[in-house]
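Novice: Model the following, please.
(chains A, B and C)
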Amino acid sequence: MCSGRVDPVLILEAFMCGSDGVFIGACLPGECHYADGNFSTMGKVALTQKVLANQGVNPDRLVMRMMSSAEGAKFVEHVTAFQDRIKELGKLGSTEGLQPSELELKLKAAKVALKGKKLRWVVGKYMEFQQQGNLYGEKFTQHEFNRLFDEVAMDECTIQEILLRTQDEPLSVKNLAELMGLSPRRVLRHLVDMRKMGLVVLESDDKKTVTWRAAVSSAEAIESEKTK
Amino acid sequence: MAEELRIGVFVCRCGTNIAGFLDTEDVAKYAKTLPNVVFTRENLFSCSEAGVTDIKNAITENKLNRVVVAACTPLTHEPTFRAACEDAGLNPFLFEFVNIREQCSWVHKALREEATQKAKDLIRMGVARAALLEPRESIVTDVIPSALVIGGGIAGLTAALALANRGFEVKLVEREKKLGGMLRDLHQIYPYEIGARGFISSKIKEVEENPKIEVLTGHSLEKLGGFIGNYQATVGSGEGSAKELKVGVIIVATGASLLVPEGSFSYNGEDVINQLQLEERLKNQAFDAQNIVMIKCVGARVKERLYCSRICCMTAIKDGILIKKQNPDANVHILYRDLMCYGVANEELLRQAKELGVRFVNYSLDSPPVVEDGKVKVQSNVLGRELEIESDLVVLITPLVAREGAAELSKLLKVPLDEYKFFLEAHVKLRPNDFATDGIYICGSAHWPVSTGEAIQQALGAASRASIHLTNKKVKVEPIVSVLFDEEACRGCGLCASLCPYAAIEMVETEKGTKAKMIEVACKGCGVCAASCYKQAIKMIHYSDEQLTAQIRAAFQKKEVESGVQA
Amino acid sequence: MLDVGRHPNINMLAYSEVKEVNGEVGNFTVKINKKARYVKEEVCNACGDCIAKCPMKKVPDEFDMKLRNRKAIYLYFSQGIPAIATIDKEHCIYFQTGKCRVCEKFCQKGAIDFEQQDQTLNLNVGAVILATGFDLLDPSGLTQYGYGRIKNVITGLEYERLINATGPTGGHLLRRSDEKSAKRVAYLQCIGSRDLNNCSYCSHVCCMYSIKDAMLAKEHDPDSVSYIFHTDLRNVGKWFQKYEIRGKEEYGINFIRGRVAEITEDEEQNPIVWYEDTNTHEVRSRTVDMVVLATAAIPSKGIKELAKLVGVKTDEYGFIKTGLPFPTDTSVAGVFACGFCIAPADIPESVAQASAAASRAAEVVFARKAKKRA
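Specialist: You can find the predicted model right below:
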């Protein structure tokens, strides 16, 4: 098994189980026991860090460090540094200012997003795009990738979070915006997109407040591929 | 109905190696409290004869159907314990190894209590995974005892002969009408004073007379199906007559071409030529120049082609020596940036050239020589001034470049190329003649410029690597591989296939549309595909999502499980 | 290494020496002296208890280039195979004075055996492959470089141990004179190589390892400055030029074309490198904190005797002679050679040669098997 086997979903699983940090050790670049699996790990970790950041979790809680099996001292150094950093950050959610229930919801949204097509596709193609460029031979720079990662991570997580929040009770744009700490405009923009995809429906009991309700569960949303 | 889980946990003391730094008795006692654990035992040395017998007896007496050993690293004793399980009639893949030595006692020597706690955590995780382990059988496939060698130059000929001499059938495919490759055009082989023509002719004869080798000149590979041990290769002559070959392994020996320096230094093929044209004149005894200037690194170690072609310094020096021996009065100047006379024999040749009066002038890339009518001007680094050298023949020493068609061949074989379209081996240092894909091997200048001697070494090397599977007649793989667990779910997107470092996944058309197909014998079990599939259709056997998730969950369960015990 | 240790077809005889080779291609008898380790190989599991308790602490550690000490019972290095402890009789207190046996007391597996004797083994084999590697020239004789006299002049291999995280300084590049970390390091090429008075050939691997060394120094300490003094930079292998350019551009290595004439020392024990810059023709000097000598690779100790035992020809330097048509065949049929014992070679060349020698040997061995069956 290669570090490339570390599915981002497993990383989220660990956080949801109560881990305050996740450390991934991998072979040195160019010395991967499985040819180049560690490069794909790099992509997965980078994206997962973006997703965590987007969900209000300090991305320092996830690190990937590369070393060879003969570098025991380096391993100790890395692990000690990581442990110190996690001690500084304290219990998951504490320095982030997230209540347990809120944290659970945020992580759940992240996990579902990471299970889904869009994010897995982006990270899967990361290596290929970097090495060979896209269909037209255009190569992405690290900077462009960062931007792409940011955007996709944000969109996917937000969609999942809206679904999770509206599946039991319909919420207004204002409610959602407050809960999620986003501008009402952005929330509305997502909702409109999601409505087009059939993920949410509009509801209004009286004429004043318009509320939105999830039309599918967040897991189904991933399954149905409508998010593409 | 699922059988009842009966897990046995064995905690090794490893003398004092484990027991000296954590409380193994307490750990074993704790293990007994874990779900599905029906038996625990502490061993002084689990790996010793007594320990192994103890495990075997415990399996039979207690009807254990999962075994967990908490001891050292799987690197040393996993085979021992798997064998113990097998001896006791238990599938060896129902065994789980927990490392409480390297990962626990040895690294927490000063923290007895914490180490004990960590050992418990690790065992709890192991037990959780063990509960989900599934029996597996080794994957075995037959190997067709025959090889396809692509390329009929010195590397291909050597590889073909080496395998044929071992008794294997060889299909040797050469694109050109004749065997022999670049050596046919050369005069002499450095650093040995051996004529190229005679050398290659005798090799060709040997190949042609060998009953085990089928030579297919004028043919190239058009299609390839199958996998290690069982390839179907379609070769054709481009004139419609295709032929299907069944082979177990493939060796790539397609060589390289010499860069033609069109447009550089007034190259005209007459009085400004490249080294292949020089070799031809020397070989045909049509050489009559008096003042010869050779310019090295023409088109090499420059921006558009950063690499050093390794062999050109030596070909130039060898030719310089030949010219001087033929005509001691000839003036030979070699303009160079660095003299790549690595090793013993090459340095000797350099010394010989100097003794014979070949003159060497060091120039820099930022002030390259200028070829004018009848003379070459060059800024000499050593003299610190410009030299004007009389010349009636200028030889431009150019690098080897990848052969035309390398890209197509790489796609057919599903093996990678580097940025200069040379084939990319599995590891440039440690596995120079393997591809990451098992069953396909590489030698000679197809993956980097090499001398004749080096090409022969590599060809023998590739033949040696290929012969392992041919000799074993079977490829046996640990059944720790990826499988398409949920074919329904697979969308045929091809992401897994593009990520697989071993070309072990192919996309096939089925009645239900395009689907991924795992080639189990080629799979090395890295699990990248399983971690990337967005339909979760791929399952990594022995390290499945369920097993890993169970381990992760178990890792954080301790508070619930133990709160009662510890409070 | 682990693969070799675990391979069912490989019978590994470490700590053993070839004493006699008789017979001919397809049927050699090789007499081997398997030296006593005073530890039962089949019992020891390299737990290290004996090493921890051994009271003899002052044996210079050959693996660490004698930069630190080991015990009298020891593992050559921690990843080595077979992982079995060995008692160094010369330094063992029990063997020298008749009293101690501490290791025996602490070994829970009962693996210590002071009565063990050297064993003679006779192997019948079809082919022989020589792969004895190389040694490095001791640069003490090249007095101009001051090795041995100037403390902060070290060899490439000593450097390797210093910069290694498991080495004697924990991976810190500390000067021998004052234990201060070296910031300015000069790497000198062709020490004894390409030198008509010593080894007239090129040692082939030094240019690259010096670049690697300089890169490691920079990775370890971003403030470090490195100078590589070279003649021709012979980086001819796959991707080597790219590596050289990376060294120049990303790691800021200063490449200086010029042969070093002499090394002197200032009052702070900083080595001063005197050289002629072949580009400017001026004699210059540069003061650094440490000098690393890329010493010539020479045929390994004992190869002469071995070549004589086997009957293979060597060249004027002592490397085993090979040639066309098969560059891993020696002058004796059925005896093959690969790696540095033929001539300096880098890793991929050595690996390819090793496979080539194996291929040639297999032709012999399988022919013999076929004959036996017939």
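
Novice: Is the residue in the stretch 1-150 of chain C positioned nearest to chain B part of a helix or strand, or is it coil?
Specialist: Nearest to chain B, among the residues of the stretch 1-150 of chain C, is C:Q108, at 3.5 Å (CB to the nearest CB). The way it works is simple: take the backbone N, C-alpha and C, and place the C-beta from them, glycine included. With DSSP: H, G, I helix; E, B strand; the rest coil as the basis, the three-state label of C:Q108 is coil.

Novice: which residue ranges form the strands in the stretch 301-450 of chain B?
Specialist: B:331-336, B:359-362, B:370-372, B:375-380, B:385-390, B:393-396, B:400-402, B:440-442 (DSSP state E, counting those that start in this stretch).

Novice: Quick one: list the elements packing against the first one.
Specialist: Applying 3 or more CB pairs under 8 Å, 6 or more residues apart in numbering or on different chains; DSSP states H and E, we find strand B:331-336 packed against strand B:291-295, helix B:312-326, strand B:359-362, strand B:375-380, strand B:385-390.

Novice: Please identify the deepest-packed of the strands of the stretch 301-450 of chain B.
Specialist: strand B:440-442 (a mean of 29; mean count of other CB atoms under 10 Å in any protein chain shown).

Novice: circling back to that earlier point, in TSV, list the strands of the stretch 301-450 of chain B along with mean pLDDT.
Specialist: Below are those laid out as TSV (pLDDT from 0 to 100):
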stretch	mean pLDDT
strand B:331-336	97
strand B:359-362	96
strand B:370-372	95
strand B:375-380	95
strand B:385-390	95
strand B:393-396	97
strand B:400-402	97
strand B:440-442	97
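
Novice: residue in chain B nearest to chain A?
Specialist: B:G527 (3.0 Å).

Novice: mind listing what C:S177 touches?
Specialist: Contacts for C:S177 (CB atoms under 8 Å, 6 or more residues apart in numbering or on different chains) come out as C:151-152, C:269.

Novice: Pull out the buried members of those residues.
Specialist: Buried members of the contacts of C:S177, scored by 16 or more other CB atoms under 10 Å in any protein chain shown, are C:151-152.

Novice: What is the nearest of the contacts of C:S177 to chain A?
Specialist: Minimum distance to chain A across these is 23.9 Å, recorded for C:N152 (CB to the nearest CB).

Novice: of all the helices and strands packed on strand B:331-336, which lies closest to C:V59?
Specialist: Closest approach to C:V59 among the helices and strands packed on strand B:331-336 (CB to CB): helix B:312-326, 46.2 Å.

Novice: got the angle for the closest one vs strand B:331-336?
Specialist: 170 degrees (axes from the mean of the first three to the mean of the last three CA atoms, to 10 degrees).

Novice: Next, the buried residues of helix B:312-326.
Specialist: For helix B:312-326, by 16+ other CB under 10 Å, it's B:312-324.

Novice: Out of those, flag the one nearest to chain C.
Specialist: For the buried residues of helix B:312-326, the residue nearest chain C by CB to the nearest CB is B:C313; the value is 8.3 Å.

Novice: Not counting residues beside it along the chain, what's closest to the closest one?
Specialist: B:M340 (4.2 Å; CB to CB, 6 or more residues apart in numbering or on different chains).

Novice: Please name the residues that touch that neighbour.
Specialist: Per CB under 8 Å, 6+ apart, neighbours of B:M340: B:308, B:310, B:312-314, B:346, C:232, C:234, C:236.

Novice: could those residues be laid out in CSV, adding pLDDT?
Specialist: Formatted as CSV, those follow (pLDDT from 0 to 100):
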residue, pLDDT
B:C308, 96
B:R310, 96
B:C312, 95
B:C313, 96
B:M314, 96
B:N346, 95
C:D232, 93
C:R234, 95
C:V236, 94
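
Novice: Redo those residues as TSV? Include distance to B:L183.
Specialist: TSV is the format used below for these (distance: CB to CB, whole Å):
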residue	distance to B:L183
B:C308	22
B:R310	17
B:C312	16
B:C313	19
B:M314	15
B:N346	19
C:D232	27
C:R234	25
C:V236	20
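
Novice: Now the element after the host helix or strand of B:A70, going C-ward?
Specialist: For B:A70, the host element (DSSP states H and E) is strand B:66-71. Moving toward the C-terminus from strand B:66-71, the next helix or strand (DSSP H and E) is helix B:74-87.

Novice: got the helices and strands packed on strand B:331-336 as JSON lines, with distance to C:K19 columns?
Specialist: Below are those laid out as JSON lines (distance: least, CB to CB, whole Å):
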{"stretch": "strand B:291-295", "distance to C:K19": "52"}
{"stretch": "helix B:312-326", "distance to C:K19": "40"}
{"stretch": "strand B:359-362", "distance to C:K19": "48"}
{"stretch": "strand B:375-380", "distance to C:K19": "57"}
{"stretch": "strand B:385-390", "distance to C:K19": "59"}
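
Novice: For B:P369, which non-adjacent residue is closest in space?
Specialist: Nearest to B:P369 is B:V378, by CB to CB, 6+ apart, at 4.0 Å.

Novice: Dig out what the one you found forms beta bridges with.
Specialist: Beta bridges link B:V378 to B:L387, judged by DSSP bridges.

Novice: Might one say that it is in contact with B:F360?
Specialist: No: judged on CB atoms under 8 Å, B:V378 makes no contact with B:F360 at a distance of 11.4 Å.

Novice: helix/strand/coil for C:I51?
Specialist: Strictly by three-state DSSP, C:I51 counts as helix.

Novice: same question but for A:I24, I mixed them up
Specialist: strand.

Novice: The closest residue to it other than its chain neighbours: neighbour count?
Specialist: Leaving aside its chain neighbours, A:I24 sits nearest to A:M64 (4.4 Å; criterion: CB to CB, 6+ apart). By the criterion of other CB atoms under 10 Å in any protein chain shown, A:M64 has 20 neighbours.

Novice: Tell me, how many residues neighbour residue 155?
Specialist: Just going to use chain A. 17.

Novice: actually it's chain C I care about, not the one you picked
Specialist: Each residue near C:T155 was counted by other CB under 10 Å, and the total is 21.

Novice: could you measure it against B:Y336, distance?
Specialist: 30 Å (CB to CB, to the nearest Å).

Novice: Have a look at the chain and report its longest helix.
Specialist: Reading this off chain A. Under DSSP state H, the helix in chain A containing the largest number of residues is helix A:142-166.

Novice: I was thinking of chain B, sorry if that wasn't clear
Specialist: helix B:452-472.

Novice: Report all helices and strands that the helix or strand following that helix contacts.
Specialist: As assigned by DSSP H and E, the chain's next helix or strand after helix B:452-472 is strand B:474-477. In this structure, strand B:474-477 makes packing contacts with strand B:139-142, judged by 3+ CB pairs under 8 Å, 6+ apart.

Novice: Residues contacting the strand it packs on, please?
Specialist: Outside strand B:139-142, the residues that reach it (CB under 8 Å, 6+ apart) are B:228-230, B:473-479, B:481, B:520-521.

Novice: That'll do, ta.
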